[in-house]
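In: When you get a sec, could you give me coordinates for this:
(chains A and B)
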Number of protein chains: 2
Amino acid sequence: MTSEVRQKAALAQDAAAIMNRLTTEQKNTALLHMADALLSGQAAIIEANALDLQRGREQGTSPSLLDRLALNGDRVAAIAEGLRQIVGLPDPVGELLEHFDRPNGLKVEKVRVPIGVIGMIYEARPNVTVDAAGLCLKTGNSVVLRGGSAAIESNRKIVEVLKAALGETAMPADAIQLIEDSDRASVNEMLKLNGLLDVVIPRGGASLIRNVVENATVPVIETGAGICHTFVDASADFDMASAIAFNAKVQRPSVCNSMETLLVHEAFAEKHLVRLADRFIQAGIELRGCERTTSLLASAKPATDEDYGTEYNDYIMNIRVVSDLDAALDHISRFGTKHSECIVTGNAQNADRFIHEVDAAAVYHNASTRFTDGFEFGFGAEIGISTQKLHARGPMGLPALTSTKYRVFGNGQIRG
Amino acid sequence: MTSEVRQKAALAQDAAAIMNRLTTEQKNTALLHMADALLSGQAAIIEANALDLQRGREQGTSPSLLDRLALNGDRVAAIAEGLRQIVGLPDPVGELLEHFDRPNGLKVEKVRVPIGVIGMIYEARPNVTVDAAGLCLKTGNSVVLRGGSAAIESNRKIVEVLKAALGETAMPADAIQLIEDSDRASVNEMLKLNGLLDVVIPRGGASLIRNVVENATVPVIETGAGICHTFVDASADFDMASAIAFNAKVQRPSVCNSMETLLVHEAFAEKHLVRLADRFIQAGIELRGCERTTSLLASAKPATDEDYGTEYNDYIMNIRVVSDLDAALDHISRFGTKHSECIVTGNAQNADRFIHEVDAAAVYHNASTRFTDGFEFGFGAEIGISTQKLHARGPMGLPALTSTKYRVFGNGQIRG
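Out: Okay, here's the model as predicted:
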């Protein structure tokens, strides 16, 4: 018997051939129908969501997780508005990336095309269901969604509403598939579905991403893990360093581009560490530090290598005093996850070395790592932040959901 | 105990940080030293190669495989010349791909950077050892080579010579690593080396590629498998169709961009199939065909679905008569490997549909599929032909061996 996963992926693949033929206008019309349908289906969606919330409460789910799961009228409206924003973005499909004529008269064009079928594996936020579907469909792809089981009732109703909305459009309803099987085995089956899924994109916590990366034979776009550093060099301006480091840690500690470890040049630390740290202490941040840090800051606990290698996503941070730029680079090379790294310095040569030598998706001179984000970069959308080096790196907008194809035009050319 | 694979990959990773800092001139100087060293080390290389050839003969290796394995003065010179050609190519590293200013004053640049450490898994052609190393090093990457055990003596000597040549240059000898362990387990270990290898590229036959794709958790760039079609439409010019189809099949049947199945519109087939096929029969090609083909061509055997799904790489081909363009598209969608596909037609609308709707790395109108090649496309090099949709698709030149990085320049920006 064909499994749910295989069967739905095959439907998505058949639909992908139709998706590939849609015009931008046809896709946008479909997305607008979806947005309207979410609003008119709001009551049913919130009712389904209530079942998830009730089950969650019975199972003792934490208040913060329940909050992420919860939908209300405002949240559904915001989700629908997200789809409308995707409509407003330029369609990358069909873009001519390169073209050249060969001496034998062949005309070669490299154009953007949809990838085909995209598998999304994510956790308990039902807004991701709509957001991921919208981005994949806008770029002419089919999508196979596998959300967390905690949101299954919400997701089922949302996908029902979205598919019904497509009935009146040129877009095939089969382009959206939801895997309802809540067993972990259905995730693992998706990860091996070479030939049916063209790529799998995980969105969620470290253990979800690790499971996908370690088990997938389908190509993966790895997203997420961020152990990000801010290095305050000897020549840094105090106010700028303080503002950037504080923003990187405190503005939203739960996200991947927030700072976990502050590296401070010893010359700066001697003069300013106590004052720099005081702002974090006032804000209730738990500090862990190297020996020199703990000797300067009574409230800081000793930091271990495990601390330096942990993405806290919380009001905790490490501080390490380093002797120079090279020591900072070594620390980042050892403990960083190649996500976002920052140097605050007035020394142009050090800035240049840092920008050039740090191996990360985004490297900053004198700005907060919190800017690593598709919206902050002006892409108007974000399917995730890639921390791998192939296909896409850093914030991924719509072009990251496309592939390319060579079109070759001849008049009888053969190879000699 | 650390395995050979892990140990050498770690050395390659350390070297990658140095590779990232080299200028184009430093890399070119190193490649020229390598080319010179191959010429001056020619005798030792040919001597080592003789050991491989002798072992091969003792083990009953086929003459064609022995020929691929064999090195002589001319071949070593050609390999060295290949390195010199790589020197002449533009260095993609450092290329500014995008740059934009944000309203908050941040300046964002997207630049090409080396990938890091590239694993190459290939078979018994020692020229691949040099070619792959040259391309990876030119793009600032370290390379971990794992060639076929049949060429181990040749590869060991070649890598020894190349590493010695780097002693006099700025390039670290550790940037080239050869896995000498001939056990299949060493390949499988490479495939799971997340965190040490940034990508694995397989080059070889279908079973080697399948093993890599099905077992790798490291990102893979899939290359190779090509079941390519030529569709001769009703309106095709006979001479053009004959020339293109014959070239696609016969010019070099052993390679991935050669044709395996000829699809012929029934209106063309009725008038011209006998004459079209005659040229293939004269050339000694074995023909397998659909019912209508075998009814028109006495010498053709019946073709099965398995035949349509086989990459012969040989003097065998399938012929299928189809009722129209849609039937041709369906056949290609079912049996193609998304490599290279061609339509020969005088009908612009059909050409347009074919070019747009066929899902393949390269689609041709009125030209042979044999042109899918980095040199024929003018890239000056080719690390392989990607048949996957992420990162790179089609012939891969030097840019396919690079990643990107965002550089962000601020003056104190923080996120609000």
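In: residues in the stretch 51-200 of chain A within reach of chain B, list them.
Out: With CB under 8 Å from any CB of the partner chain as the criterion, the stretch 51-200 of chain A comes near chain B at residues A:F100, A:R102, A:L106, A:V108, A:V113, A:I115, A:G116, A:N194, A:D198, A:V199. Glycine gets a C-beta too; all of them are placed from N, C-alpha and C.
In: distance of the nearest residue to the second one once chain neighbours are set aside from B:L31?
Out: Think A:R102. Spatial nearest neighbour of A:R102, excluding adjacent residues (CB to CB, 6 or more residues apart in numbering or on different chains): B:G378 at 6.1 Å. B:G378 sits 21 Å away from B:L31, going by CB to CB, to the nearest Å.
In: Likewise for A:E357?
Out: 23 Å.
In: more neighbours, those two?
Out: A direct count of neighbours by other CB atoms under 10 Å in any protein chain shown for A:E357 and B:L31 places B:L31 higher, at 26 against 16.
In: Name the residues that touch the strand or helix carrying the more buried one?
Out: In this structure, B:L31 sits in helix B:24-40 according to DSSP states H and E. Contact with helix B:24-40 is made by B:22, B:45, B:76-77, B:79-81, B:83-84, B:86-87, B:91, B:93-94, B:130, B:133-134, B:137-138, B:140, B:158, B:161-162, B:164-166, B:168-171, as judged by CB atoms under 8 Å, 6 or more residues apart in numbering or on different chains.
In: which stretches of the stretch 301-416 of chain A form strands?
Out: A:301-302, A:316-322, A:340-344, A:362-367, A:384-386, A:394-396, A:402-413 (DSSP state E, counting those that start in this stretch).
In: For the shortest one, which helices and strands make contact with it?
Out: Counting contacts by 3 or more CB pairs under 8 Å, 6 or more residues apart in numbering or on different chains; DSSP states H and E, strand A:301-302 packs against strand A:286-289, helix A:291-296.
In: quick one, which of these is packed in tightest?
Out: Among the helices and strands packed on strand A:301-302, strand A:286-289 has the highest mean neighbour count (mean count of other CB atoms under 10 Å in any protein chain shown), at a mean of 20.
In: Dump the C-alpha coordinates for it into PDB.
Out: What follows is strand A:286-289, C-alpha atoms only, in PDB (Å, rounded to 0.1, in the frame of the first residue of the first chain):
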ATOM      1  CA  GLU A 286      22.700  36.200  33.300                       C
ATOM      2  CA  LEU A 287      26.400  36.500  32.600                       C
ATOM      3  CA  ARG A 288      29.000  33.700  32.200                       C
ATOM      4  CA  GLY A 289      32.600  34.600  31.500                       C
END
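In: list the contacts for A:A17?
Out: Contacts of A:A17 (CB under 8 Å, 6+ apart): B:S333, B:E357, B:D359.
In: For these, give me JSON lines that also has distance to A:F409 and pLDDT.
Out: Output for these, formatted as JSON lines (distance: CB to CB, whole Å; pLDDT from 0 to 100):
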{"residue": "B:S333", "distance to A:F409": "22", "pLDDT": "95"}
{"residue": "B:E357", "distance to A:F409": "16", "pLDDT": "96"}
{"residue": "B:D359", "distance to A:F409": "18", "pLDDT": "96"}
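In: before we move on, back to that, now do the residue nearest to A:R102 against A:L106, distance only.
Out: Counting by CB to CB - B:G378 and A:L106 are separated by 10 Å.
In: mean confidence score for stretch A:168-185?
Out: Per-residue pLDDT values over stretch A:168-185 give a mean of 94.
In: Show the low-confidence segments of the stretch 51-200 of chain A, by residue range.
Out: Residues of the stretch 51-200 of chain A meeting the criterion pLDDT under 70: none.
In: one more time with 90, if that's ok
Out: A:63-65, A:68, A:123-125, A:168, A:182-184, A:195 (pLDDT under 90).
In: just the helices in it please.
Out: A:63-69, A:73-88, A:126-138, A:152-166, A:184-191 (DSSP state H, counting those that start in this stretch).
In: Give me the distance from the last one to the chain's centre.
Out: Computed by CA atoms, centre = their mean, to the nearest Å, the separation of helix A:184-191 from the middle of its chain amounts to 21 Å.
In: And stretch A:383-401, by the same measure?
Out: 8 Å.
In: How about stretch A:283-293?
Out: 29 Å.
In: That stretch near chain B anywhere?
Out: No - shown here: stretch A:283-293 not in contact with chain B (CB under 8 Å from any CB), separated by at least 14.3 Å.
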